[in-house]
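Asker: Got a predicted model here, sequence first, then my questions.
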Amino acid sequence: MRTIARLSAAFQLVDGYSKEGVKGASFLVDGASVPFVAKPDGTYVFSNLPILSHTYQMTVPGYLPVQRTLPARPEFFPEVVILQHSPEGPLLQRIACFHLRFLVEEEPVQRETVEVMLGNPAGGLRLLEKAPRGAWQVKVAAKGKGLLFQHYRGKKTGEEVLFTGYDEGEGLFQLWKPLEQELDKGELLCPLWRLQTDGDGKVVLPAIGAFLPKEDGELHFALGSKKATLQTAAPSPSLSCTIPLKEEQ
């Protein structure tokens, strides 16, 4: 009798700057080493784990460590994980970046994930055609594959959108999951990042392609109900800011 392995989880690790799959990751599952299958595109597959929620710790040289907690599941849909380069790594030493430090009541936000959204139209994408609820593809005013593996948020709906593939012939972007809400023709999709702070509340946001504005714009930061907005121009290699996060009024 043939035994079919039960899929427990799968991750696709993606370089947050180049958008390419990342190889060479090591994992701990619930604090222990377990076998997994690594694929050339940066996908890592775990099978036959107990049908429970598990915590996965991911480590790749040159990147910040990542932790995810997921339930065991039979579907083969890898969780896309966008890796941040370590501030000490060579990439962030040679490109323009925002160096940010987050505070809450004058104390550093230690090892928390802060959401960052570009709030001005210059860095957004406009949907060319209406996309109905449940759609797995959208057509946007964009060129090339540099947009892949980038999170966006619908300006009107507030829904998060993640592109995972591109059909060049049809000009369609595939989505990680079907749309929960209808997107209107011409709706603005705003770039969205999640940055994990270090023990001193610091993060680095690289200047990614055309997403950061050439002129004055806004970056919106959120940690739960605590928020802040930064009025800024395109970054220089030395730009450093302290961001006090406060309860939204």
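Answerer: Yep, it's here.
Asker: From the contact counts, what lies against the helix or strand of the chain with the lowest mean pLDDT?
Answerer: Each helix and strand of the chain was given a mean pLDDT (mean pLDDT, DSSP states H and E); the minimum falls on helix 90-94 at a mean of 77. Helices and strands touching helix 90-94, by 3 or more CB pairs under 8 Å, 6 or more residues apart in numbering; DSSP states H and E, are strand 202-206. Any C-beta I mention is one placed from the backbone N, CA and C, and that applies to glycine too.
Asker: Heading C-terminal from the strand it packs on, find the next helix or strand.
Answerer: Once the chain leaves strand 202-206, the next helix or strand it forms, by DSSP states H and E, is strand 217-223.
Asker: so what does that following strand touch, helix or strand wise?
Answerer: strand 97-104, strand 113-118, strand 226-232.
Asker: what about Glu182, neighbour count?
Answerer: If you count neighbours by other CB atoms under 10 Å, Glu182 ends up with 16.
Asker: So in terms of bridging, what pairs with the closest residue to Glu106 other than its chain neighbours?
Answerer: Computed as CB to CB, 6 or more residues apart in numbering, the closest residue to Glu106 that is not its neighbour in sequence is Pro244, at 7.5 Å. On DSSP bridges, the residues paired with Pro244 through beta bridges are Leu103.
Asker: Next one: Pro244 from Thr55, what distance?
Answerer: 31 Å (CB to CB, to the nearest Å).
Asker: Check Leu83 too.
Answerer: Taking CB to CB, one finds Leu83 at 18 Å from Thr55.
Asker: Between the two, point out the one with more neighbours.
Answerer: Leu83 (20 against 12).
Asker: Run through the residues that contact that one.
Answerer: Each residue near Leu83 by CB atoms under 8 Å, 6 or more residues apart in numbering is listed here: 13-16, 22, 60, 63-64, 66.
Asker: which residues does it bridge with?
Answerer: Assigned bridge partners for Leu83, using DSSP bridges, are Asp15.
Asker: what's the pLDDT at it?
Answerer: If you check Leu83, the pLDDT there is 84.
Asker: ok, it to Val22 distance?
Answerer: 6 Å.
Asker: Now do the shared contacts for those two.
Answerer: 13-15, 60, 63.
Asker: Check those against Glu115 and report the nearest one.
Answerer: Val14 (17.9 Å; CB to CB).
Asker: picking that back up, check the contacts of Leu83 and tell me the two furthest apart.
Answerer: Val14 and Leu64 (13.5 Å).
Asker: ok, and the closest non-adjacent residue to Leu162?
Answerer: Trp176 (4.1 Å).
Asker: ok, how many other residues are close to the one you found?
Answerer: Trp176 has 18 nearby residues by other CB under 10 Å.
Asker: now do His85
Answerer: 21.
Asker: quick one: contacts for it?
Answerer: Neighbouring residues of His85 by CB under 8 Å, 6+ apart: 15-17, 62-64, 91-92, 204, 206.
Asker: same thing but 10 Å
Answerer: 15-18, 62-64, 91-93, 95, 97, 204, 206 (CB atoms under 10 Å, 6 or more residues apart in numbering).
Asker: Kindly report the same for Met58.
Answerer: Contacts of Met58 (CB under 10 Å, 6+ apart): 11, 13, 22, 25-28, 44, 64-68, 81, 83.
Asker: now His54
Answerer: So His54 contacts 8-9, 29-30, 34, 46, 68-72 (CB under 10 Å, 6+ apart).
Asker: If any of those are buried, give me the PyMOL selection for them.
Answerer: To isolate the buried ones among those in PyMOL, judged by 16 or more other CB atoms under 10 Å, type:
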select buried, resi 8+9+29+46+72
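Asker: Flag the least confident of the contacts of His54.
Answerer: Out of the contacts of His54, that is Ala72, at 69.
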